[in-house]
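>>> Give me a 3D structure for the following:
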Amino acid sequence: MKYTAAVITVSDKGYRGERQDTSGPSLCRILEEHGYEVVRRELVPDDMEPIRQALLACCEQKIALVLTTGGTGFSPRDITPEATLSVVERLTPGIPEAMRAESMKITPRGCLSRSAAGIRGRTLIVNLPGSEKASRENILAVLDPIAHGLDILHSEGSANCGG
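Purely as a prediction, here's the structure:
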């Protein structure tokens with residue numbers, strides 16, 4: 001099944017036009033290469049309400065997969081996980097755990113990611129780091145399991161999880 005997707009870049013500098021967003025377009029390419037139809041692309045500042053509103057709009061649009069990039073670090077303005085957690089109804093902790101585990105193979109700083117993931121309705125939201133390299137590494141680490149998760153999320157009964 002082909003699923004819809006959205007990519008939301010969270011960046012004050014990007015929003016103000018002071019920095020070019022490279023992670024958002026990179027994630028769109030990866031999604032399209034894996035059969036997703038990217039139907040929404042947005043750039044918002046590191047503020048709670050714009051992030052929440054962008055996420056909620058994607059859920060109302062019934063987009064299957066929403067990826068955020070940026071705002072997952074230790075800076076006081078990095079609040080993407082908090083905005084995500086205020087929107088989701090069910091957590092999916094295994095996704096960020098897997099991304100952090102993969103990142104730790106590359107750099108010990110991978111443990112500093114505060115990425116979150118969860119489900120609202122039938123929309124899966126996953127936070128990714130803001131750097132193009134890290135966001136690419138993180139999504140590629142979990143994209144196959146996410147596809148299976150979306151199949152379950154969009155099924156009309158119990159999942160066939162046998163292998």
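
>>> Please, where are all the strands along the protein?
Using DSSP state E, the strands of the chain run over 4-10, 37-44, 65-69, 90-91, 117-120, 123-128.

>>> tell me what the fifth one is packed against?
To tie it back to what came earlier, the one meant is strand 117-120. For strand 117-120, the packing partners by 3 or more Cβ pairs under 8 Å, 6 or more residues apart in numbering; DSSP states H and E come out as helix 80-85, strand 90-91, strand 123-128. All C-beta spots, glycine's among them, are computed from the backbone N, C-alpha and C.

>>> Relative to His34, which of the ones you listed is closest?
Nearest to His34, of all those, is strand 123-128, at 13.6 Å by Cβ to Cβ.

>>> can you give me how far the closest one is from the chain middle?
Relative to its chain's centre, strand 123-128 lies at 3 Å (Cα atoms, centre = their mean, to the nearest Å).

>>> count of residues packed around the nearest residue to Ala117 once chain neighbours are set aside?
Nearest residue to Ala117, sequence neighbours excluded (Cβ to Cβ, 6 or more residues apart in numbering): Ile95, at 4.1 Å. Other residues lying near Ile95 total 23 when counted by other Cβ atoms under 10 Å.

>>> per-residue pLDDT, Ile95?
Here the pLDDT value assigned to Ile95 is 98.

>>> Would you enumerate the residues in contact with it?
Shown in contact with Ile95 (Cβ atoms under 8 Å, 6 or more residues apart in numbering): 117, 126, 142, 145-146.

>>> Next, format the helices and strands packed on strand 117-120 as JSON lines and append mean neighbour count.
JSON lines is the format used below for these (neighbours: other Cβ atoms under 10 Å):
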{"stretch": "helix 80-85", "mean neighbour count": "22"}
{"stretch": "strand 90-91", "mean neighbour count": "12"}
{"stretch": "strand 123-128", "mean neighbour count": "26"}
